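Asks: Return atomic coordinates for the entry below.
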Amino acid sequence: MEIVIPGATNIGLFMGAALVLLLIPGPAVLYIVARSVAQGRMAGFVSDLGIHSATLVHVLAAALGLSALLASSALAFSIVKYAGAAYLIWLGLKKIFGRAEEVDADGTLQRHSYARLFRDGFIVNLLNPKTALFFLAFLPQFVEPERGHLATQIVFLGLLFAALGFITDGCYALVAGTAGTWLRQSRRYLEVERYVSGTLFIGLGLTAAFAGSQKK
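Replies: Below is the predicted model of the structure:
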């Protein structure tokens, strides 16, 4: 079976546009930064992997036309939108009002399992309807209808976007994790960390709930 992808010119234009968009910090970047500062670089990378694994689901949905359904159905959009926002807010409230995280003998916070970090990152991005709408609006701009096999072209561009996103978000995880190593040496930081992270998650949830509530 022949695999059809866009031409080299369109791929180059797509990569340039995608990198510009990816380097602008958004909810996914802020989520990865929070995890990296709290637990280190590897935690940020695992969260990054979870987020972009969910990106692959959105890519498949875009290729199958589910993104169009989400964009055309106000009810479907609202359900996914508010479910994602509620999950972020729940993470924040759990962070603030839950049991204080224990500090190990070397002065670092108790570590969450990588499975949990991956799961949280996956759910946060999976329940973000703006990701689906983004692919619906962005990917078709670089598809070449005359080549045919539109779904294959969309999948290719989506996979390329996910790969670029994993790399750029990984850079944020590296920088934030390095800074977090220094921050976690401060006892004062250890005392306020859960309030800072919790407030960040709640802010992300509220942003997801109220920003861009009107479909364009």
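
Asks: Mind naming the longest helix for this protein?
Replies: Ranked by number of residues, the top helix in the chain under DSSP state H is helix 150-183.

Asks: what sits against the residue nearest the centre of the chain?
Replies: Residue closest to the mean C-alpha point of the chain, counted by C-alpha atoms, centre = their mean, is A28 at 3.4 Å. By C-beta atoms under 8 Å, 6 or more residues apart in numbering, A28 lies in contact with I51, V124, N125, G165, D169. Using the backbone N, CA and C atoms, a C-beta is placed for each residue, glycine as well.

Asks: quick revisit: distance from the longest helix of the chain to the middle of the chain?
Replies: Chain-centre distance of helix 150-183: 9 Å, with C-alpha atoms, centre = their mean, to the nearest Å.

Asks: From the contact counts, what lies against the following helix or strand past it?
Replies: Counting by DSSP states H and E, the next helix or strand C-terminal to helix 150-183 is helix 187-210. Helix 187-210 is packed against helix 27-39, helix 74-97, with contacts defined by 3 or more C-beta pairs under 8 Å, 6 or more residues apart in numbering; DSSP states H and E.

Asks: Can I get the longest one in PDB, CA atoms only?
Replies: Same thing as helix 74-97. Provided in PDB are the C-alpha atoms of helix 74-97 (Å, rounded to 0.1, in the frame of the first residue of the first chain):
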ATOM      1  CA  ALA A  74     -21.600  22.100  21.200                       C
ATOM      2  CA  LEU A  75     -22.600  19.400  23.700                       C
ATOM      3  CA  ALA A  76     -19.600  17.200  22.800                       C
ATOM      4  CA  PHE A  77     -17.300  20.200  23.000                       C
ATOM      5  CA  SER A  78     -18.600  21.200  26.400                       C
ATOM      6  CA  ILE A  79     -18.500  17.800  27.900                       C
ATOM      7  CA  VAL A  80     -14.800  17.200  27.000                       C
ATOM      8  CA  LYS A  81     -13.900  20.800  27.800                       C
ATOM      9  CA  TYR A  82     -15.300  20.800  31.300                       C
ATOM     10  CA  ALA A  83     -14.200  17.300  32.100                       C
ATOM     11  CA  GLY A  84     -10.600  18.300  31.400                       C
ATOM     12  CA  ALA A  85     -10.900  21.500  33.400                       C
ATOM     13  CA  ALA A  86     -12.400  19.600  36.300                       C
ATOM     14  CA  TYR A  87      -9.600  17.100  36.300                       C
ATOM     15  CA  LEU A  88      -6.900  19.900  36.400                       C
ATOM     16  CA  ILE A  89      -8.800  21.600  39.300                       C
ATOM     17  CA  TRP A  90      -9.100  18.300  41.100                       C
ATOM     18  CA  LEU A  91      -5.400  17.800  40.800                       C
ATOM     19  CA  GLY A  92      -4.800  21.300  42.300                       C
ATOM     20  CA  LEU A  93      -7.200  20.800  45.200                       C
ATOM     21  CA  LYS A  94      -5.700  17.400  46.000                       C
ATOM     22  CA  LYS A  95      -2.300  19.000  46.000                       C
ATOM     23  CA  ILE A  96      -3.300  21.800  48.300                       C
ATOM     24  CA  PHE A  97      -5.600  20.100  50.700                       C
END
